[in-house]
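**Q** A structural model of the following input is requested.
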Amino acid sequence: MAAMFGTLLSRFETADTTIQYVTDEGGGVGLVLYPTALQGELAEKRLTLRGNAAVDAIPVSDTPPANVVDPLVHLKIVGDAYAGGFSQGRTLRSSASTRRLRLDHQEESAHDVRTFLVTDTGLRVEHTLGWDDLAPGVLTVTTRFTNGSSEPVSLELLTSFSLGGITPFDPADGAGRLRVHRFRSGWSAEGRLESNMIEDLHLERSWIGGSVFSERFGQVGSMPVRGWFPFVAIEDTAAEVVWGAQLAWAGSWQLEVARQHDDVTLSGGLADRELGHWVKAVAPGEELVAPPATIACVAGSLAECCDRLVSAQVAAAEAHPAIEGDMPIVFNEWCTTWGSPTHDRVVAIADRLQGTPVRYLVIDAGWYKPDGGSWNNAHGEWVANAGQFPGGLAATAAAVRERGLVPGLWFEMETVGSTSASFGEVDHLLRRDGLPVTSGVRRFWDLTDPVAVELVAERVIGTLRDAVFGYVKVDYNETIGLGCDHPDSLGEGLRRHVLGVHSFFERMRSELPDLVIESCSSGGHRLEPSMLARSAMSSFSDAHETVEIPIIAANLHSLMLPRQSQIWAVVHADDSPDRLLYSLAATFLGRMCISGEITELDDDQWTTVRAAMDLYERAAPCIKHGTSRRFGTIGASWRQPEGWQAVVRTSSDDSTVLVVAHTFAHGPDVVEVPLPKGTWLVDGSLSGDAIETSVEDGVLVRRGHSPFTGGVILLKRAGQAPSA
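**A** Numbering: from 1, shown residues only. Now for the predicted structure:
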């Protein structure tokens, strides 16, 4: 193995990944990952910049280092020196606080390595790197800070993880070979992949290492997927290796791609003082655990790295109610009544759905609104409108159950609307500068306040229990912003509130163990692992019936399990056959949810919807357990897409392939979709009458497309029994 900078402390292997801890002369510890199979490709790293004419021209005796060990944990304590190198305002990494950490000892068990760091004043950090046989090659990082000194300290940075040594496959600074991958997000526009060379991000190292460079990005507020997903990856395009990381946190967060020397580093965690207005006072004996992160190193593509990180979400997804096991279909009446649900309308929908594969019927917003009022600003008391539900919610829920369906109910429980009495409960609402945090027509319950928590529990958990609902849709339509009042900082106020949100979701699951929870935050603003773990499924977007639905839905395969991604097909009585198929096909990219004019479809339309439901039941195992690859070209615009897209999902046992194909404006007449190696037979399809489908030399060929059509093809490997 080629020499690397630093001194080897320990080395471990899990799945196909080598974990290497290195130390520097001062006792600092760093972490390097690489694919075990590529150990022979590791480069002999240069140790000095001497030999460069510009460096050699400087008449000093010091030898500028080419690399240093990047610390395993970065922290910053108020009062300690900043890093220098023009870093303030760009990063708080590599401060004097970090440099004071020294190795105490390291402990190994069957599934983790714990590294203990200390300072001479008694501050302690426990860094745990763990792995699980259920998600091979995925590493989970937990960082715990303890103030073991005799004096309080104030943190303004604590990383969840920090990974150095990128790339170990180049002897110098990896010029022209490192690419950074991130996913942008916006309302109804989730998951746009952005890939930039390190040089394009202006992260090329300086000639002598005199300046610190950092691309620090993240999100401030309580909508964690607003602007960016908490994900980052770096690809060594020459070695074909990808390092990736994903944070699990529902508040303000940050990720950093940083460099001062040859190698690039990845780190992230809570948004720090500079980005997230966060300072936390830690008393003697007190501890703070940073949000967990998952990291991976893959010899392969970005898609393979994403597969690996997403696989870490499986264990939590399996912990939801047993009714979720076969991925039931959802009907939500939002795009049917548009905020004006009534008992009679809900029962009519239930009559239509009786005997179909649909299992959940969800009553969405507006069931509580006052006569003549709006659903959008009346929430808070959660009392059903007597005119809309004359027998009360329990009577409607019972009628839904009588028709073989599980009733669901919408809440936006964390906020209160401007026309509700709760809007004036300022002692129990979040405040900033002593005043209620007001965003548009919303204020926010303080979920660290026991009085507020019990009020919300009585109105939400009590209503669900008393009326016997089995499903809840939790919406969240504003962000708290930079934080709320707390003696330490606004960011610490927000952090504690987010922990309160987590606790309330856990309380719902504890008190109502059979309750299926859907998380919606104006669509996809909470699609991060900590909230995905606390809900059976999440709304993929608020793009309810737009042409970009299949594009957004396909994006999310890189970031979350499709089994948890609820995708809507809004059906209308005036839908053409092509439009109906376009909408229905997109739901096969995740969890099928139907909405719209379900009671007004004609026989042909209803036959198409039923056929989609029946095929979805057969395709569900592949959607639940599989990997996805995307083909086609859609152009730059999602709102006006051109070309075509196909997602090929292969089941985990390699017996089934599901192809979900869409054409857009100026799409081709013939679409050719590569299939995994083997002989495949069509086992079911949902396509327009004009489409001809065949498998030719390992390629799925579909002929006869027109613009904006959709189709689904289920294939079985030759020799496999057809699906039921």
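**Q** Would you check how far apart the closest residue to residue 404 other than its chain neighbours and residue 405 are?
**A** Leaving aside its sequence neighbours, residue 404 sits nearest to residue 354 (C-beta to C-beta, 6 or more residues apart in numbering; 5.8 Å). C-beta here means a position set from N, CA and C on the backbone, and glycine is covered the same way. Separation of residue 354 from residue 405 (C-beta to C-beta, to the nearest Å) stands at 7 Å.
**Q** Which one's more surrounded, those two?
**A** Set side by side, residue 354 and residue 405 show more neighbours around residue 405, with 24 against 14, by other C-beta atoms under 10 Å.
**Q** Would you check that that one makes contact with residue 358?
**A** Yes - taking C-beta atoms under 8 Å as the definition, residue 405 is a contact partner of residue 358 at 6.8 Å.
**Q** any idea which helix or strand of this structure has the worst average confidence?
**A** When the helices and strands of the chain are scored by mean pLDDT, DSSP states H and E, helix 53-56 comes last with a mean of 86.
**Q** quick one: buried residues of it?
**A** When neighbours are counted by 16 or more other C-beta atoms under 10 Å, the buried residues of helix 53-56 are found to be residue 55.
**Q** now that helix, how far from the chain's geometric center?
**A** Relative to the centre of its chain, helix 53-56 is centred 46 Å away, using C-alpha atoms, centre = their mean, to the nearest Å.
**Q** hmm, who's touching that helix?
**A** Identification of contacts with helix 53-56 by C-beta atoms under 8 Å, 6 or more residues apart in numbering yields 49-50, 64, 207-208.
**Q** Strand partners (parallel or antiparallel) of the helix or strand following that helix?
**A** Towards the C-terminus, the helix or strand next in line after helix 53-56, according to DSSP states H and E, is strand 75-77. The strands that strand 75-77 pairs with in its sheet are strand 153-166 (antiparallel) (by DSSP bridges).
**Q** just checking, what packs against the very next helix or strand once past the partner strand?
**A** Once the chain leaves strand 153-166, the next helix or strand it forms, by DSSP H and E, is strand 178-186. Strand 178-186 is packed against strand 189-197, strand 227-228, strand 231-236, with contacts defined by 3 or more C-beta pairs under 8 Å, 6 or more residues apart in numbering; DSSP states H and E.
**Q** Dump the ones you listed to TSV, plus distance to residue 599, mean pLDDT and mean neighbour count.
**A** Output for the helices and strands packed on strand 178-186, formatted as TSV (distance: least, C-beta to C-beta, whole Å; pLDDT from 0 to 100; neighbours: other C-beta atoms under 10 Å):
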stretch	distance to residue 599	mean pLDDT	mean neighbour count
strand 189-197	31	98	17
strand 227-228	40	98	18
strand 231-236	41	98	24
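**Q** Indicate which one of those is closest to residue 340.
**A** Residue 340 lies closest to strand 189-197 among those, at 27.8 Å (C-beta to C-beta).
**Q** angle of whichever helix or strand comes after the closest one against strand 189-197?
**A** Of the helices and strands lying after strand 189-197 in sequence (DSSP H and E), the nearest is strand 213-219. Between the axis of strand 213-219 and that of strand 189-197 there is an angle of 180 degrees, by axes from the mean of the first three to the mean of the last three C-alpha atoms, to 10 degrees.
**Q** Buried residues of strand 213-219, list them for me.
**A** For strand 213-219, the neighbour count (16+ other C-beta under 10 Å) marks 213-219 as buried.
**Q** Also stretch 667-686?
**A** Of the residues in stretch 667-686, those buried (16+ other C-beta under 10 Å) are 667, 671, 673, 675, 680, 683-686.
**Q** Find the pair from these with maximum spatial separation.
**A** Put simply, by C-beta to C-beta the two of the buried residues of stretch 667-686 set farthest apart are 667 and 683, 25.2 Å from each other.
**Q** Kindly provide the distance from the most centrally placed residue in the chain to residue 492.
**A** Closest residue to the average C-alpha location of the chain: residue 528 at 2.9 Å, with C-alpha atoms, centre = their mean. Counting by C-beta to C-beta, the separation of residue 528 from residue 492 is 20 Å.
**Q** Fine by me, we can end here.
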